[in-house]
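Q: Compute the structure for the input listed below.
(one chain, ligands or ions: 1)
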Amino acid sequence: MQNEVVFSIGDLEHLVLTCANCKTQIAFDVKEGLPAGVPSHRNSMPEQCPVCIGTFDSSVQRGVNTILKTFKDLLENKTANQVVFRMKAPENSKAA
Ligand SMILES: [Zn+2]
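A: Alright, predicted model coming up:
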């Protein structure tokens with residue numbers, strides 16, 4: 001059986017987007033569904049990188065907003081008590 005790591009959506013803290021142009025990272029608070037860092041006053045995915053002013057593709061904006069809304073919906077759901085992700089365990093964590 002393949003080793004796997006299971007983690008709860010409740011343990012997720014941030015979704016981090018890296019600007020392809022200047023490598024600035026923009027962190028979004030998964031629980032709040034909002035950007036966590038600068039510019040924290042925004043309530044959705046910014047259209048431009050706050051540092052280099054490069055415009056994000058509309059598919060990236062749509063994707064981030066969709067993920068944040070989906071995570072928020074799953075975190076606030078009352079009909080399923082736990083949502084988890086299963087992923088392959090890193091090679092170095094496998095038992096010898
Ligand atoms: Zn940038």
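Q: Give me the most central residue, the chain.
A: Leu15 (2.3 Å; Cα atoms, centre = their mean).
Q: tell me the contacts of that residue?
A: Ala27, Phe28, Val30, Val64, Ile67, Leu68, Phe71 (Cβ atoms under 8 Å, 6 or more residues apart in numbering). Where you see a C-beta, it was placed from the backbone N, CA and C, and this is true even at glycine.
Q: at 6 Å instead, please
A: Going by Cβ atoms under 6 Å, 6 or more residues apart in numbering, Leu15 touches Phe28, Val30.
Q: Tell me where the protein has strands.
A: Assigned by DSSP state E, the strands in the chain fall at 4-8, 14-18, 25-29, 34-35, 84-88.
Q: returning to what we had before: what bridges to the residue nearest to the centre of the chain?
A: Phe28 (DSSP bridges).
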